[in-house]
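*Asks:* 3D, please:
(chains A and B)
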Amino acid sequence: MPLTILIPLVVLGIAGIAILLHLSGLTAPRRFDGVADANAAWLREFPEMPPIETHIDRDNRVAFVRTEQGDGLVWCMGADTVARPLADFDLMDIDGGLEVRFHDFSAPHAVLHLSDLDLPYWKHLLERS
Amino acid sequence: MTDTLTYPDVVSLAVPFFIAAILIEFFWIRLSGRGGRYETRDALTSLIMGAGNVASGIALGFVAWGFFMVLWEITPFDLGSSWWVVLLCFVLDDLRYYWVHRFGHRIRWVWASHVNHHSSQHYNLTTALRQTWTYTFTFMMVVRAPLILMGFHPALVLFCGGLNLIYQFWIHTEAIGRMPRWFEAIMNTPSHHRAHHGRNPRYLDCNYAGVFIIWDKMFGTFVPEQDDEKVDYGLVHNLGTFNPLRVAFHEWVGIFRDVTQRGLTLRERLMYAVAPPGWSHDGSRDGSDRIKAKHLEHFPEKRGTPGFR
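*Replies:* Numbering: from 1, shown residues only, chains lettered A, B, ... in the order given. The predicted model follows:
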């Protein structure tokens, strides 16, 4: 197939499908439905590290998990979840919360939305990890 | 010796079919309320990966083609292009695919290219198009060398590879349960390939087939999808990004970081590149064998069932 046909076909096909999905409401982000849901998402990736303490951010999109083997973060990404141990990261203050920047090319960062009241406590949790 | 044999670029020709099939699957899921799920950014990433795969093929395809043409000059054999030669080439190229795919899961250097195909937590027809941009760098084109040296023309071999890829498109769906028993016995199907995409310990490193599932049955890697264990799609540790560049290159970056750690022996550096994914010099990571073993410690009743030998 000539590139003059293939390129527009691919570009329009990708754009059309993306617009269709977005207009169908499939861009809506997942949220944790409580601590049990966040714990299940954590255990899905780290079954050998059962949570003993879990905190969820204001948007119900990020959870801090404490385990006997160390702390971790589990967060929503699209319709699914991702988890990483809090082993190698930087903590940044951002407008409306905190950003955890992992030194991990496959999971660069997670954003926590926090109230002014919650912020110091979360900072304390993450900084001692 | 035939030098001018040409076949259509079937993958490019199939693009309108890919788009139409994705739309049909999507509307089927919306209307029936079952058969899978879609998410905008996940699907968009998969589609961009597919476009990038075609682009990398155009940009780097000359490397494999040049290699194949050198082999074609060397070989004294020419099997021609009759229908039985095409058929035989298709079957043997599918055997080639099985081994390349198996290497792709068991050699980290090759996994670095293939991992992106498994990086979606969804399983729909867009996942089929989430293809590598870096296949050329795996050097897996050498696995096709025997076919060309046997007398199959490079154009024919690539034509069969294209047909193989197109076949594998339709099996990336949850909208189809199981095919008739005879078909499931011989061919790769949505059910068999769903198991292949599973991150459940049971389903790790199984069902490498492209078109014919018989290769997995012959070489002991077949695990049937279990009705009582739903497939959990994605990677053992899922990606925290939809950025196509990170999807395409994250494992290569991981290899680079591991290989360049301080204080390793030369052998350890090499092992980080070629050992199975999950290997580490200090035993701090788990590969699929250890993941399965740990799972069996918690669920000993699964020992001896498919996927746990």
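
*Asks:* which residues of the stretch 51-200 of chain B lie near chain A?
*Replies:* Contact residues (Cβ under 8 Å from any Cβ of the partner chain) of the stretch 51-200 of chain B with chain A: B:A51, B:V54, B:Q121, B:H122, B:T126. (C-beta placed from N, C-alpha, C; glycine too.)

*Asks:* need the contact list for the fourth one.
*Replies:* For B:H122, the contacting residues are A:A79, A:D80, B:G36, B:R37, B:Y38, B:E39, B:D42, B:A43, B:Y233, taking Cβ atoms under 8 Å, 6 or more residues apart in numbering or on different chains as the criterion.

*Asks:* helix/strand/coil for it?
*Replies:* Using DSSP: H, G, I helix; E, B strand; the rest coil, the structure places B:H122 in coil.

*Asks:* repeat for the last one
*Replies:* Each residue gets one of three states, and B:T126 gets helix by three-state DSSP.

*Asks:* distance of it relative to B:I22?
*Replies:* 6 Å (Cβ to Cβ, to the nearest Å).

*Asks:* mutual contacts of those two, please.
*Replies:* A:I17.

*Asks:* would you mark the buried spots in the helix ranked longest in chain A?
*Replies:* In chain A, with assignment by DSSP state H, the single longest helix is helix A:3-23. For helix A:3-23, the neighbour count (16 or more other Cβ atoms under 10 Å in any protein chain shown) marks A:L6, A:L9, A:V10, A:G13, A:I14, A:I17, A:A18, A:L20, A:L21 as buried.

*Asks:* skipping adjacent residues, who's closest to the closest residue to chain A within chain B in space?
*Replies:* Nearest residue of chain B to chain A (Cβ to the nearest Cβ) works out as B:G240 at 2.8 Å. Excluding the flanking residues, the one nearest B:G240 by Cβ to Cβ, 6 or more residues apart in numbering or on different chains is A:A107, at 2.8 Å.

*Asks:* let's verify the one you found: helix, strand, or coil?
*Replies:* Under three-state DSSP, A:A107 falls in the coil class.

*Asks:* by mean pLDDT, point me to the weakest helix or strand of chain B.
*Replies:* Within chain B, confidence by mean pLDDT, DSSP states H and E is lowest for helix B:10-13 among all helices and strands, at a mean of 92.

*Asks:* re earlier: lowest-confidence one in the buried residues of helix A:3-23?
*Replies:* Least confident of the buried residues of helix A:3-23 in the model: A:L6, at 91.

*Asks:* quick check: that one touching B:V15?
*Replies:* Yes: between A:L6 and B:V15 there is a contact under Cβ atoms under 8 Å: 6.7 Å.

*Asks:* what does the stretch 201-309 of chain B put close to chain A?
*Replies:* Applying Cβ under 8 Å from any Cβ, we find that the stretch 201-309 of chain B lies next to chain A at B:232, B:234, B:236-242, B:246, B:249-251, B:253-254, B:294-295, B:298.

*Asks:* emit the ChimeraX select command for whichever of the residues you listed are buried.
*Replies:* Of these, the buried ones go into a single ChimeraX selection, burial set by 16+ other Cβ under 10 Å:
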select /B:234,236,237,238,239,240,241,242,246,249,250,251,254,295
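
*Asks:* give me the subset of the residues of the stretch 201-309 of chain B next to chain A lying in helices.
*Replies:* Residues of those located in helices (DSSP H): B:R246, B:F249, B:H250, B:E251, B:V253, B:G254, B:K294, B:H295, B:H298.

*Asks:* widest-spaced pair of those?
*Replies:* Pairwise distances among those were taken by Cβ to Cβ; the largest, 34.7 Å, belongs to B:F249 and B:H298.

*Asks:* quick check, central residue of the chain?
*Replies:* Reading this off chain A. The centroid of chain A falls nearest to A:W75 when counting by Cα atoms, centre = their mean (3.0 Å).

*Asks:* could you do chain B instead?
*Replies:* B:H101 (5.3 Å).

*Asks:* find the nearest non-adjacent residue to that one, please.
*Replies:* Looking at B:H101 with Cβ to Cβ, 6+ apart, the closest residue is B:Y208, at 4.2 Å.

*Asks:* list the buried residues of the one helix or strand A:A36 maps to.
*Replies:* In this structure, A:A36 sits in helix A:35-45 according to DSSP states H and E. For helix A:35-45, the neighbour count (16+ other Cβ under 10 Å) marks A:D37, A:A38, A:N39, A:A41, A:W42, A:L43, A:R44, A:E45 as buried.

*Asks:* returning to what we had before: pick the one among the buried residues of helix A:3-23 closest to B:P76.
*Replies:* Distance to B:P76 across the buried residues of helix A:3-23 (Cβ to Cβ) is lowest for A:L6, with 37.4 Å.

*Asks:* and A:V74, bridged to which residues?
*Replies:* Counting by DSSP bridges, A:V74 forms beta bridges with A:A63, A:A83.

*Asks:* so how far is B:T40 from it?
*Replies:* From A:V74 across to B:T40, the span is 22 Å (Cβ to Cβ).

*Asks:* which one of these two has more residues nearby?
*Replies:* Neighbours per residue, other Cβ atoms under 10 Å in any protein chain shown: of A:V74 and B:T40, the larger number sits with A:V74, 27 against 22.

*Asks:* OK, contacts around that one?
*Replies:* By Cβ under 8 Å, 6+ apart, the contact list for A:V74 reads A:A38, A:A41, A:W42, A:E45, A:V62, A:A63, A:V65, A:T81, A:V82, A:A83.

*Asks:* B:Y167: helix or strand, and which one exactly?
*Replies:* helix B:154-169.

*Asks:* for that helix, output the C-alpha coordinates as PDB.
*Replies:* This file holds the C-alpha atoms of helix B:154-169, laid out as PDB (Å, rounded to 0.1, in the frame of the first residue of the first chain):
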ATOM      1  CA  PRO B 154      13.300 -14.200   1.500                       C
ATOM      2  CA  ALA B 155      10.200 -12.500   0.000                       C
ATOM      3  CA  LEU B 156       8.200 -15.700   0.600                       C
ATOM      4  CA  VAL B 157       9.400 -16.000   4.200                       C
ATOM      5  CA  LEU B 158       8.400 -12.400   5.000                       C
ATOM      6  CA  PHE B 159       5.100 -12.900   3.200                       C
ATOM      7  CA  CYS B 160       4.400 -15.900   5.500                       C
ATOM      8  CA  GLY B 161       5.500 -13.900   8.500                       C
ATOM      9  CA  GLY B 162       3.000 -11.200   7.600                       C
ATOM     10  CA  LEU B 163       0.200 -13.700   7.300                       C
ATOM     11  CA  ASN B 164       1.200 -15.100  10.700                       C
ATOM     12  CA  LEU B 165       1.000 -11.700  12.200                       C
ATOM     13  CA  ILE B 166      -2.500 -11.100  10.700                       C
ATOM     14  CA  TYR B 167      -3.700 -14.400  12.000                       C
ATOM     15  CA  GLN B 168      -2.600 -13.500  15.500                       C
ATOM     16  CA  PHE B 169      -4.700 -10.200  15.400                       C
END
